[in-house]
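> Sequence and predicted structure below; questions after.
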Amino acid sequence: MKLPKDLRRFLTVFAVSTLIFTVLTYTLLTPRPREQFFQLYILGENHRIGNYYPGDDPNLHLGEDVKWYLGIVNNMGSVQYVMIKLKIGNRSMEPPNEEKTEPAQMPTVIEYRRFLSDNETFETPIQWTIMEAEEAHGVVKLTKLKINNETVLIQGVEADKGENFRFVLELWSYDPESGVFMFGWRNGGERKTAWLQLWFNITTMH
Amino acid sequence: MGDGQVTLILLCLLILAPIPLMALVASTLPQTQHASETLREAEANLEGAFNGVKAAEEAGASKHEVNDLTLKLNNALDLLMNAERAIRAGDVEAAENYALKSMDLAAEVNMEAQKIRGNAQKSVLQNKVSAFSSAPVAALILAVAFHYSYKAWRKRDFNRLLRMEIREVKRRR
């Protein structure tokens, strides 16, 4: 049976426009893929990059107060559970390995955990002081710190002449698949990491 | 009292003295252990609540709803961190109280997240159905409009052709 010419034209237009409108609807409803990442930052006492130590001098005395602002921004496109580990070490201790996504081999001083919704920024002050350090044969051993009014005992962190101690800040994220925190985060099939470090010296024992 | 008796009394005291201390340690040990278990349970509940919020977000919960749930998750986390601080300070009772409060809040968040997830799934499905069903409706309107426009255009063309023929006849006359 041959359809009338008008009806055939009508059906063709209807079929083609249905297809076009369906594709358009699908495109509009499907979210576009975007890069997923975290931003980790640390600011000095004046809430700016730099001036991380009193008088911008990284040679610290016992009892000297240091104030930083630690921040993290969630650009992962979804709610995240994050942890920031503040570690203390010296020059010879292994820093994080980005290629192998391995964390620093240093003792953890304090941990911050937080749930962050998409595009949320979390910022918290860190106020710390060196409470105790022992010197023997030119080697300075850091033994006690006070961070945000909490005293933390340190073991096994020492440096020649008290030079080149460092704080390492690592970003860890909760992996719902494995149910544990992992160093860095997953972006598709890739593992990414974010970490920072700040160096200082301990000058006087008095 | 002879030297032997004094030595014996001292020896007895030396043996008996640590008993109250040991009893105290033995009585606080199960308490600490229990508090640690409650803390672990609170942490697991918090992770469960987080997974619930994530699932609600993936199902299409609004940004406002997710922000609200995240705020509550952070409150539960703060309580858990207070519990950890208390247990480090040796205050087992406070630690357990904080952990229990954190567990309650996490359970509340989880329930709310499940409810939001259900509603979000329904509304996302409704939106998708209405969006996709509007495609053939729009196509039908377009096809009808095209059909009548084409017919009108053809009619105008036909009339123009007719007028041309009439002019040709006039010229011949």
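Structure received. Residues are numbered from 1 along each chain as shown, chains lettered A, B, ... in the order given.

> switch to C-alpha atoms for all contacts and neighbour counts from now on
Fine.

> can you list the weak-confidence ranges in chain B?
B:1-2, B:18, B:20-31, B:165-173 (pLDDT under 70).

> same thing but at 80, please
Across chain B, the ranges flagged by pLDDT under 80 are B:1-6, B:8, B:10-32, B:34-35, B:164-173.

> That one: helices as residue ranges?
All helices of chain B, identified by DSSP state H, fall at B:3-16, B:18-59, B:63-88, B:92-172.

> Please say whether there is contact between the third one and chain A.
Yes: contact between helix B:63-88 and chain A, assessed by CA under 8 Å from any CA of the partner chain, occurs at B:V66, B:N67, B:T70, B:L71, B:L73, B:N74, B:L77.

> which one of those has the most neighbours?
Most neighbours among these, by other CA atoms under 10 Å in any protein chain shown: B:L73, with 27 neighbours.

> That one and A:V168: what is the separation?
27 Å (CA to CA, to the nearest Å).

> near chain A, which residues of chain B?
B:47, B:50-51, B:53-54, B:57, B:66-67, B:70-71, B:73-74, B:77, B:128, B:131-132, B:135-136, B:138-140, B:142-144, B:146-147.

> Mind checking which of the residues you listed are buried?
Listed as buried from these are B:47, B:50-51, B:53-54, B:57, B:66-67, B:70-71, B:73-74, B:77, B:131-132, B:135-136, B:139-140, B:142-143, B:146-147; burial here means 16 or more other CA atoms under 10 Å in any protein chain shown.

> Restricting to C-alpha, output stretch B:105-116 in CSV.
Provided in CSV are the C-alpha atoms of stretch B:105-116 (Å, rounded to 0.1, in the frame of the first residue of the first chain):
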residue,chain,number,x,y,z
LEU,B,105,23.3,12.0,65.0
ALA,B,106,24.9,9.8,62.4
ALA,B,107,21.8,7.5,62.5
GLU,B,108,19.6,10.5,62.1
VAL,B,109,21.6,11.7,59.0
ASN,B,110,21.5,8.2,57.5
MET,B,111,17.7,8.1,57.8
GLU,B,112,17.3,11.5,56.4
ALA,B,113,19.6,10.7,53.5
GLN,B,114,17.6,7.6,52.7
LYS,B,115,14.4,9.6,52.6
ILE,B,116,15.9,12.3,50.5
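
> Check which residues of it are buried.
B:L105, B:A106, B:A107, B:V109, B:N110, B:E112, B:A113, B:Q114, B:I116.

> Now the one residue sitting closest to the centre of chain B: closest residue in space that isn't a chain neighbour?
Nearest residue to the geometric centre of chain B (CA atoms, centre = their mean): B:V53, 0.6 Å. In space, and not counting its chain neighbours, B:V53 is closest to B:A113: 5.3 Å by CA to CA, 6 or more residues apart in numbering or on different chains.

> cool, and A:K67?
Counting by CA to CA, 6+ apart, A:K67 lies nearest to A:Q127, which is 4.5 Å off, once chain neighbours are set aside.

> Quick check: can you name the pairing partners of the host helix or strand of the one you found and their directions?
Using DSSP states H and E, the element containing A:Q127 is strand A:121-136. The strands beside strand A:121-136 in its sheet (DSSP bridges) come out as strand A:65-75 (antiparallel), strand A:139-147 (antiparallel).

> buried set for the last one?
Pointing back at strand A:139-147 there. Within strand A:139-147, the residues scored as buried using 16+ other CA under 10 Å are A:V140, A:K141, A:L142, A:T143, A:K144, A:L145, A:K146, A:I147.

> Make TSV out of the residues you listed and add pLDDT and distance to A:T12.
Formatted as TSV, the buried residues of strand A:139-147 follow (pLDDT from 0 to 100; distance: CA to CA, whole Å):
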residue	pLDDT	distance to A:T12
A:V140	93	85
A:K141	93	84
A:L142	93	81
A:T143	93	82
A:K144	93	81
A:L145	94	78
A:K146	94	77
A:I147	93	74
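
> with those in mind, which one is nearest to A:P31?
A:P31 lies nearest to A:I147 out of the buried residues of strand A:139-147, by CA to CA, at 43.0 Å.

> quick one: the closest residue to that closest one other than its chain neighbours from A:I84, how far?
Closest residue in space to A:I147, ignoring its immediate chain neighbours: A:W128 at 4.4 Å, by CA to CA, 6+ apart. As defined by CA to CA, A:W128 lies at a distance of 16 Å from A:I84.
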